[in-house]
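# got a predicted structure here, sequence first:
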Amino acid sequence: MTIIEKILARASGRRKATPGEYLTAKIDVAMMPENFRLIRSLITEAGIKEEAYRLWDHEKFIVVIDHRVPPTSLPSAENQKISRGLAQQLKVKYFYDVFPGVCHQVMVEKGHVRPGELIVGADSHTTTYGALNAASTGIGASEMAYVIHTGELWFRVPETTKFEISGRLSDFVHSKDIILYIAGKYGTEVAQYKAIEWIGSAIDEMGMDSRLTMGNMSVELGAKFGIFRADQKVIDYVRARTDKDFEPVESDPGALYAEKYLIDGSAIEPMVALPHNVGNVVRASEVKEIKIDQAVIASCCHGRIEDLEIAERMLREKKVYSGVRFYVAPASWEVYKEALDRGILSRLVGAGVMIGNPSCGFCTGFQGVLAAGERCIAATPRNFKGRMGSPEAEIFLASPATVTASAIQGRIVDPREVI
Amino acid sequence: MVAIKGRVRKFEDNINTDIIAPSPTLQLPMEEMKKHAFEPIFPEFYKTVEEGDVIVAGNNFGCGSSREQATTVVKALGIRFIVCESMARIYLRNCVGLGVYPILSKGVSRLFEEGDEIEIDIQRGEVKDLKTGRVALFEPLSGTPLEIFKVGGILSFLKKRIEGR
């Protein structure tokens, strides 16, 4: 069996899980971001009595207020108030409210994710935790309402596709470029309904932050899960954050895969996804004379310490191009504090960067909104039409290095042009 | 079950959730949210919709966010079936859980044009363009998803469970 088949089998109390079959699995951890407030109205509208509705396990459910932080409007303030009341009512033990960060970063940082676990989140980028060898995936709010009460959910066992990234990434090439390369070459449905297993020497070399980016964007390739092996880096990362036991899961040598892709990591160059689709990808060096108004490093996809370090290193003795708005928002307050203590934030500010607070805002159009005709290059996961504001604006996706290089030049460039 | 008829509303590939239910509209009451459905590519789509219209789309319908408003808003517009080449997995789950019937069939989108009349036969797993007579086959829901869909969605399923039925 593959990693995912083993986890789904274990969680549903079976010896075996076979692709295509339906099963009901017990959920190890469930996470809800700011849309937690929807639970009350969903339950009421379904005619379920509030007193009959409860939280199945207080150790296994986490809520993170993250999307519109600080509240961006009166309705968002009112909705966050609803979430606080609901958290009290359901006695939610892990309710991250004032100083959290983007939900997925908070989940891994606070030790809520452990190898071998089955995790659902009411957010599509829940696939992020695959980097920690967890089978994690996104679901809608109503399904989450079901999980909160029952601790169970149905799954169709997916086939697994193996992506082996061999070789070594070149300087200024990031794990983000691997994802964009795959999306461009094989399309954004290459892993539709499937689990991805990420392996290979380029992955082994990577730090956790880069792997989290790949787990995160596995959903942009259609994947249900994007899972990694639990090597020593994973074990150390998790051990530093939780005392709970866990059992890493490996694929069997004879496991069956839907497809296997072998990609030479050393041949991958800095890539850019052009508007308005993650699969609309070219090499950064091929982009000519695209001037930008805004650059962003933020979100659950980036905004981690490795990403901030890249921007800070590239901006030493350089400045953000006059008139370009370069926003960097650390993904969590833990990242924010580390970057503050190490002087990274003050050096970024000195180079002309505006530091945002941890939240989903810069990726989802709640902060740093784009006007019609404006262009933004972003180290975020999605470039859909209208996502950051006007449908007449354009979003280009790239790695933190390519975003920073472009912010320095005022136009989209290959980061190797700027060193 | 008799075959269902409806008017085709045609969409392309990769219709994502930011198009179906744009972020700034997610906190609006449904009656207001409806007015912004598909706005980035089709402003005022709601004015052109009739109860019983059927979406026919290309690949990867509903890709992007897990926001289920992208499914409830389609339902609120009176659309009960989405026919497409393929559908993103969270959107597919949300359709099952919220009572919009997903019909997936490779090659189906080129059989239909905007405004055509479509006939859907769930039992036979068949969609037909009544103008051209062309037919495509699909696999009807089965297993757990069908059980959930039949009782009216995941929350009705939960209600029954809570009430011990």
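All right, it came through fine.
# give me the sheet partners of the longest strand that chain B contains and which way each runs.
Longest strand of chain B, by residue count under DSSP state E: strand B:4-10. Strand B:4-10 pairs in its sheet with strand B:54-57 (parallel), strand B:117-121 (antiparallel), by DSSP bridges.
# pull the residues that contact the shortest one.
When you say that, I think you mean strand B:54-57. With C-beta atoms under 8 Å, 6 or more residues apart in numbering or on different chains as the test, strand B:54-57 has contacts from B:6-13, B:15, B:61, B:74, B:79-85, B:108-109, B:112, B:118, B:120. (Glycine included, C-beta is placed from N, CA and C.)
# now these: which count as buried?
Buried members of the contacts of strand B:54-57, scored by 16 or more other C-beta atoms under 10 Å in any protein chain shown, are B:6, B:8-9, B:11, B:13, B:15, B:61, B:74, B:79-85, B:108-109, B:112, B:118, B:120.
# strands along the stretch 201-350 of chain A, start to end?
Along the stretch 201-350 of chain A, counting by DSSP state E, counting those that start in this stretch, strands occupy A:225-228, A:259-264, A:271-273, A:281-283, A:294-297, A:325-328.
# tell me which of these lies nearest to chain B.
strand A:225-228 (10.4 Å; C-beta to the nearest C-beta).
# and that closest one, is it in reach of chain B?
No: applying C-beta under 8 Å from any C-beta of the partner chain, one finds strand A:225-228 out of contact with chain B, separated by at least 10.4 Å.
# which helix in chain A has the most residues?
Secondary structure of chain A per DSSP state H: the longest helix is helix A:74-89.
# using PDB, write out every CA atom in that one.
This file holds the C-alpha atoms of helix A:74-89, laid out as PDB (Å, rounded to 0.1, in the frame of the first residue of the first chain):
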ATOM      1  CA  LEU A  74     -18.100  45.700  10.200                       C
ATOM      2  CA  PRO A  75     -19.500  42.300   8.900                       C
ATOM      3  CA  SER A  76     -16.100  40.600   9.500                       C
ATOM      4  CA  ALA A  77     -15.900  42.100  13.000                       C
ATOM      5  CA  GLU A  78     -19.400  40.800  13.700                       C
ATOM      6  CA  ASN A  79     -18.600  37.400  12.300                       C
ATOM      7  CA  GLN A  80     -15.500  37.100  14.400                       C
ATOM      8  CA  LYS A  81     -17.600  37.900  17.400                       C
ATOM      9  CA  ILE A  82     -20.000  35.100  16.400                       C
ATOM     10  CA  SER A  83     -17.000  32.700  16.200                       C
ATOM     11  CA  ARG A  84     -15.900  33.700  19.800                       C
ATOM     12  CA  GLY A  85     -19.300  33.000  21.200                       C
ATOM     13  CA  LEU A  86     -19.600  29.700  19.300                       C
ATOM     14  CA  ALA A  87     -16.100  28.600  20.600                       C
ATOM     15  CA  GLN A  88     -17.300  29.200  24.100                       C
ATOM     16  CA  GLN A  89     -20.500  27.400  23.500                       C
END
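# got the contact list for residue 117?
Let's take chain A. For A:E117, the contacting residues are A:I7, A:D28, A:V29, A:A134, A:A135, A:S136, A:F246, by C-beta under 8 Å, 6+ apart.
# wrong one, chain B
Counting by C-beta under 8 Å, 6+ apart, B:E117 touches B:K5, B:G6, B:R7, B:V8, B:D129, B:L130, B:K131.
# could those go into a markdown table alongside pLDDT?
As requested, the contacts of B:E117 are exported to a markdown table (pLDDT from 0 to 100):
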| residue | pLDDT |
| --- | --- |
| B:K5 | 97 |
| B:G6 | 98 |
| B:R7 | 98 |
| B:V8 | 98 |
| B:D129 | 97 |
| B:L130 | 97 |
| B:K131 | 95 |
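# show me the domain layout of chain A.
Listed domain ranges for chain A are A:3-243+A:254-263, A:272-417 (source: automatic domain parsing).
# any residues of the stretch 251-400 of chain A in contact with chain B? List them.
So far as C-beta under 8 Å from any C-beta goes, the stretch 251-400 of chain A lies against chain B at A:N277, A:T364, A:G365, A:F366, A:R382, A:F384, A:K385, A:G386, A:R387, A:P391.
# among the contacts of A:E117, which one has the most neighbours?
For the contacts of A:E117, neighbours were counted using other C-beta atoms under 10 Å in any protein chain shown, and A:A134 has the most, 35 neighbours in all.
# against A:K60, how distant is the closest residue to it other than its chain neighbours?
Spatial nearest neighbour of A:A134, excluding adjacent residues (C-beta to C-beta, 6 or more residues apart in numbering or on different chains): A:E117 at 4.7 Å. For A:E117, the distance to A:K60 equals 10 Å [C-beta to C-beta, to the nearest Å].
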